[in-house]
Every structure is written in C-alpha cells, then in structure tokens.
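*Asks:* Test case, fold it:
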Amino acid sequence: MRVDNSTVEAFKKKLEEAEMAQLSSELRFEEMMKPHTSFRVGGPAQVYAEPSNTKELVALLSASDSVGMPYFLMGNGSNIVVSDEGIDGLVIRLGEKFSEITSEEDPQDPDCVLIRASAGTLLTKLSSYAAKAGLTGLEFASGIPGSLGGAVFMNAGAYDHDMSEVLEKVISISPSGEVISWKKEDLALGYRSSVFMIKGGIVAEAVLKLRRGNIDEIQAQIRTYTEKRTKSQPLNFPSAGSMFKRPTGYYTGALIEQAGLKGFSIGGAQVSEKHAGFVINTGNATAADIDALVSHIQATIREKFGVELTREVRFIGRGFN
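*Replies:* Numbering: from 1, shown residues only. Predicted coordinates for the structure are as follows:
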C-alpha cells in the first residue's frame, strides 16, 4: 500500500531530528528502479535513499520504524525483479557510497588476513582486492555481479564454493536501528540461506578471513572461472543470473532444456539459448513478462518431471508481495 504524504513528511522530520538534514535533502521521490537493477526492469520507488555509512543507514531504519514507513533494502540489484508498478515506501540502496574496504593481520593466524568491507561493496571489487593482495578464498566470487550484503544474506556462491567458507563476522542492523554483531557459527549459513533470511535484519558490513596464497595461482584461477562464465552464461543480456535454486538431484538448466523451453519467450523475456537456467531481457521485457515466463517454466517442469523449481531471484513490489 502506498505510504501517505503525512507519513513521508514525518519520516523526513525524524531524519532532521537525528541531525541527518543532508540525508533528508538527498531523498529521491518516484525514482525509477530500472537503471538500478541488472534485469533493467522496474517502476518507481516511492522514496529512495543511498546512505554512505552505517550511521546514515541506522538513521534511515530508525526513522522508518518510528513512523511506520515500510522499507526494502537492496544492493547492486542483481538478484531482484522489481514490479512494473514500482515499490511502495522506502527503498534503501547500499551501493558505491557504502563500499569501504580495509584489511588487517589476523592476530590468531599469521597465515591469514582479515578483510572488513561494507555491504555495498561489489563482490567483483572485493575479489580483485584480495587477489592483488595475494589472498586466496574469494576467487569463486570474481564474476558474481552482486554486492557483499546480498551475498551474505543469501550465502551466495559459485563453482562449489560459497560465502560460508570465508565469512568470519557480520555486523547487522535490526529494523529498529539496533546494531548487532554475529559470529560465524551463529549465521546459520546453508545453501542460498542465512539467519538473515529467517530472522530478518540488514547486513551492514562483514569480516572475511582469507589465507595467503600465490598471486599467480590466484589470478590463474580467476581467469579460469571467467572463461567458464563467458562460454556458458549469457553475459551480453540483462538478467539476474540463475533464476532458480538447484533442486536436489537435478540440474535446473538441463531440466528446462529437456522440457523444450530453451529459447522460449514471453514478451521481451526469454529462456537463454546459451544457458537454460537463465532468463534474459532481450531488450524490451517488462517485469510482468519475466514473472509470466518464470511461472510458465515452473508449471511445465512440475507437469513433466514432478519437480518443484524454487525461485532464487526475488520478485519485489506492487503485485508481487
């Protein structure tokens, strides 16, 4: 439901009372989400904000909580489809402004280094930072287009590796603005899941533990992964990566191809002819096209093979909630 103007004004007033007048003045209204998502679809966010540090993020969350303003938090927009009708309430994007990286020696293990990074840091940037420092463990993330916060939230991974292998600590913020520190053992990391999916909360930053390695070997591994992605994935089209979680005992792309859906399209949305596990925007797709195509794929696979495909990409906004 669209937030009324009085709530929006009360939200702005709360920010100003928290000495965040500049942040309040930088709020955008009816901001189109299309350029902020990798699928290149999506209507307007009623209110849009890009904080540059944890203090500003806490202020946004506290203000929205106090006036009853619903919010949605996003990173690089690489794992979402935003409704053509847009998103009600507040959208908080943790992007380039929220992407600080620092490192320090691990006091417990001289062979390791601890990297602390803000949630908006792109995984590609983080992987490159580690590689240049001769640190191994993040090579798998070199081609993942998402940000660190989203990667922690869903325990992102590739090539049989995921974030659980390198995460050491996470700082999150509750919906009311409380800052919480999490140890690795409390994160409930599983296949594309974490404690934040279960209990909520917003990832603000994370500490990764990486081992010292050979720079040449690290760079060689990254090149190998890059070549594999280039050959097998439709990187020249807007998409959100793998559309579905892998069902136990099956390969999603193979199932979709066996069902005869490779290249099948609805409107501007198409099952990639290069990799059937990807849905792509051929140029003029709408969010409705993508949703209809994904629903058709799910129904077809269920009917032909009795397998339930679960969406890995999140569908957000009016009509999808």
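*Asks:* Now for this protein: which strand has the highest residue count?
*Replies:* strand 202-212 (DSSP state E).
*Asks:* which secondary structure elements does that strand contact?
*Replies:* Here strand 202-212 touches helix 54-67, strand 112-118, helix 123-132, strand 135-136, helix 148-154, strand 167-173, going by 3 or more Cβ pairs under 8 Å, 6 or more residues apart in numbering; DSSP states H and E. The way it works is simple: take the backbone N, C-alpha and C, and place the C-beta from them, glycine included.
*Asks:* And the helix or strand that comes right after the first one, what's buried?
*Replies:* Next in sequence after helix 54-67, counting helices and strands by DSSP states H and E, comes strand 71-74. Using 16 or more other Cβ atoms under 10 Å as the test for burial, strand 71-74 gives 71-74.
*Asks:* can you tell which of the helices and strands packed on strand 202-212 is closest to A299?
*Replies:* Closest approach to A299 among those is made by helix 148-154 (24.6 Å; Cβ to Cβ).
*Asks:* who does that closest one touch, helix- and strand-wise?
*Replies:* Partner elements for helix 148-154 (3+ Cβ pairs under 8 Å, 6+ apart): helix 123-132, helix 195-199, strand 202-212.
*Asks:* Now do the shortest one: everything it contacts.
*Replies:* In this case it means helix 195-199. 152-154, 172, 182, 186-189, 201-203 (Cβ atoms under 8 Å, 6 or more residues apart in numbering).
*Asks:* Roughly how far does Q270 sit from A299?
*Replies:* Distance of Q270 to A299, computed by Cβ to Cβ, to the nearest Å: 17 Å.
*Asks:* quick one, which of these two is more surrounded?
*Replies:* Legend: neighbour count by other Cβ atoms under 10 Å for Q270 and A299, higher for Q270 (25 against 11).
*Asks:* Which residues does that one form beta bridges with?
*Replies:* With DSSP bridges applied, Q270 shows beta-bridge pairing to S265, I280.
*Asks:* what about K183, neighbour count?
*Replies:* Around K183 there are 10 residues (other Cβ under 10 Å).
*Asks:* repeat for V195
*Replies:* 18.
*Asks:* Model confidence score at it, please.
*Replies:* V195 is assigned a predicted lDDT (pLDDT) of 92.
*Asks:* pretty sure A188 is touching S194, no?
*Replies:* Yes - between A188 and S194 there is a contact under Cβ atoms under 8 Å: 6.0 Å.
*Asks:* ok, these two, which is more surrounded?
*Replies:* Between A188 and S194, counted using other Cβ under 10 Å, the more crowded position is S194 (24 against 15).
*Asks:* Okay, that one and M163: tell me how far apart.
*Replies:* Taking Cβ to Cβ, one finds S194 at 8 Å from M163.
*Asks:* Now do the helix or strand encompassing D216, average pLDDT.
*Replies:* Here D216 sits within helix 215-232, counting by DSSP H and E. Average pLDDT, helix 215-232: 94.
*Asks:* Can you tell me what sits against it?
*Replies:* The contact list for helix 215-232 (Cβ under 8 Å, 6+ apart) reads 127, 130-132, 134-136, 139-140, 142-143, 158-159, 235, 274-275.
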